[in-house]
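Enquirer: Prediction below, plus the sequence it came from.
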Amino acid sequence: MLKTLNLVPIKPNLTFIGKQKFFFIISVLFLVVSIGSLLTRSLNYGIDFQGGIMIEIRTTQTGNLAQMRNLLSDLKLGEISLQEFGEPTDFLIRIQKQDGGEEAQQKAVEKVKASLPPDVEYRRTEFVGPKVSDELFRDGVLAVIFAIIGILAYIWFRFEWQFGLGAIIALCHDVLTTVGIFSLIGLEFNLSTVAAILTIAGYSINDTVVVYDRVRENLRKYKSMPLTELLNNSINETLSRTVMTSLTTLLALGSLYILGGEVIRGFSFGMIWGVLVGTYSSVCLAVPLLLYLNVDRGTGTDDAKIS
């Protein structure tokens with residue numbers, strides 16, 4: 001008979017509530033480092049937000065990335081990135097915005113074409129101007145803000161205000177630390193990163209709602225149980241589900257990061273970080289915060305005593 005693999009004990013009895021000050025210190029450190037990096041280093045904005053030139057090419061045979069990068073770097077056009085785009089013969093060239101208006105952008109494209117072999121097929125050339133990039137940046141920021149407001153409204157409607165506030169604090173923690181890690185390690189921040197942040201927001205709040213549902217259920221069931229013990233039990237009762245969901249999601253994201261190529265590497269990295277920090281915040285931040293928010297225990301009889 002096959003034995004099941006239990007990565008988390010069936011009935012764990014780990015102590016989370018009681019160590020909340022340690023978790024809060026860790027979270028504050030994450031936020032301080034993230035905000036400090038954003039203020040001192042800013043973000044490595046991609047062409048979507050910064051403006052520039054994007055050229056998609058196809059070669060007749062598998063290209064030599066290192067050789068092509070050397071050819072392009074000799075053009076003195078500023079920051080140039082080259083990455084595989086789908087097939088091994090497809091490549092995406094990104095060039096920073098050139099000074100001098102549209103004519104300067106056209107000259108940059110001509111330089112690129114002159115430096116590459118004559119059998120290269122130019123499938124797409126796009127110019128992203130400052131107006132478009134500013135609009136994309138504004139729309140990206142608004143999308144994140146509206147998503148957070150919508151989530152707050154849903155949590156406030158479904159739970160009491162204390163749960164809504166705790167969930168939003170945890171959510172803002174996840175979003176800020178995700179943006180902060182991109183700033184800290186210099187990864188390109190583009191529209192796919194914004195998509196990752198929005199996905200992280202949904203994933204994080206889903207994890208938090210699962211634990212909060214169990215907390216609310218136990219608050220109604222165990223009227224006389226100390227709040228510290230009740231919150232700790234609620235975390236342990238949902239821990240197996242939380243860990244297994246995160247692990248299976250990370251397996252898929254790990255495959256995307258390793259096999260998906262450069263085009264979606266920023267997205268998959270952001271998602272991996274978001275799943276990790278979202279799982280942490282749901283367990284170690286969102287629930288312990290209820291201790292300090294005077295959560296309403298409701299009225300009624302202790303069901304455990306009746307049974």
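Expert: That came through, no problem. This is a predicted model, so every value here is computed, not measured. Residues are numbered from 1 along each chain as shown.

Enquirer: going forward, measure contacts between C-alpha atoms and count neighbours the same way
Expert: OK.

Enquirer: Quick one: neighbours of the nearest residue to N294 once chain neighbours are set aside, just the number.
Expert: If you skip the residues right next to it in sequence, N294 has Q162 as its closest partner in space, 7.4 Å away by CA to CA, 6 or more residues apart in numbering. When neighbours are counted by other CA atoms under 10 Å, Q162 registers 18.

Enquirer: Tell me the secondary structure at Q162.
Expert: helix (DSSP: H, G, I helix; E, B strand; the rest coil).

Enquirer: Am I right that it is in contact with L291?
Expert: No: if you go by CA atoms under 8 Å, Q162 and L291 don't touch, sitting 9.8 Å apart.

Enquirer: on that earlier part again, run through the residues that contact the residue nearest to N294.
Expert: For Q162, the residues meeting the contact criterion (CA atoms under 8 Å, 6 or more residues apart in numbering) are L290, L293, N294, V295.

Enquirer: How about F22?
Expert: By CA under 8 Å, 6+ apart, the contact list for F22 is empty.

Enquirer: Can I get the helix or strand that contains it in PDB? Just the C-alpha atoms.
Expert: Using DSSP states H and E, F22 sits within helix 20-40. What follows is helix 20-40, C-alpha atoms only, in PDB (Å, rounded to 0.1, in the frame of the first residue of the first chain):
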ATOM      1  CA  GLN A  20       4.400  38.000  16.000                       C
ATOM      2  CA  LYS A  21       6.900  40.700  17.100                       C
ATOM      3  CA  PHE A  22       9.600  38.800  15.300                       C
ATOM      4  CA  PHE A  23       7.500  38.500  12.200                       C
ATOM      5  CA  PHE A  24       6.700  42.200  12.300                       C
ATOM      6  CA  ILE A  25      10.400  43.100  12.600                       C
ATOM      7  CA  ILE A  26      11.100  41.000   9.500                       C
ATOM      8  CA  SER A  27       8.300  42.600   7.600                       C
ATOM      9  CA  VAL A  28       9.400  46.100   8.600                       C
ATOM     10  CA  LEU A  29      13.000  45.300   7.500                       C
ATOM     11  CA  PHE A  30      11.600  44.100   4.100                       C
ATOM     12  CA  LEU A  31       9.700  47.400   3.700                       C
ATOM     13  CA  VAL A  32      12.500  49.600   4.800                       C
ATOM     14  CA  VAL A  33      14.900  47.900   2.300                       C
ATOM     15  CA  SER A  34      12.300  48.100  -0.500                       C
ATOM     16  CA  ILE A  35      11.400  51.700   0.100                       C
ATOM     17  CA  GLY A  36      15.100  52.700   0.600                       C
ATOM     18  CA  SER A  37      16.000  51.000  -2.700                       C
ATOM     19  CA  LEU A  38      13.200  52.700  -4.500                       C
ATOM     20  CA  LEU A  39      14.200  56.100  -3.200                       C
ATOM     21  CA  THR A  40      18.000  55.700  -3.900                       C
END
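
Enquirer: For it, buried residues please.
Expert: Buried positions in helix 20-40, judged by neighbour count with 16 or more other CA atoms under 10 Å: Q20, F23, F24, S27, F30, L31, S34, I35, S37, L38.

Enquirer: next one: stretch 210-224
Expert: 210-216, 218-223.

Enquirer: go on, stretch 225-240?
Expert: Buried, per 16+ other CA under 10 Å, within stretch 225-240: L227, L230, L231, N232, N233, S234, I235, N236, E237, T238, L239, S240.

Enquirer: from those, which ones fall inside helices?
Expert: Assigned to helices by DSSP state H, the following of these qualify: L227, L230, L231, N232, N233, S234, I235, N236, E237, T238, L239, S240.

Enquirer: Grab the nearest non-local neighbour of the third one.
Expert: Take L231 and drop its neighbours on the chain: the residue closest to it by CA to CA, 6+ apart is V215, 6.3 Å away.

Enquirer: Check the second one too.
Expert: Taking CA to CA, 6+ apart, and ignoring the residues beside it in sequence, L230 has N218 as its nearest neighbour in space, at 6.9 Å.

Enquirer: again, but for the first one
Expert: Taking CA to CA, 6+ apart as the measure, L227 lies nearest to L291, with 7.4 Å between them; neighbours along the chain are not counted.

Enquirer: Can you say which helix or strand has the residue nearest to L230 in it?
Expert: Element membership for N218, per DSSP H and E: helix 191-221.

Enquirer: doesn't R69 make contact with L92?
Expert: No: the criterion here is CA under 8 Å, and L92 misses it with R69 at 11.5 Å.

Enquirer: who's more crowded, these two?
Expert: L92 (20 against 15).
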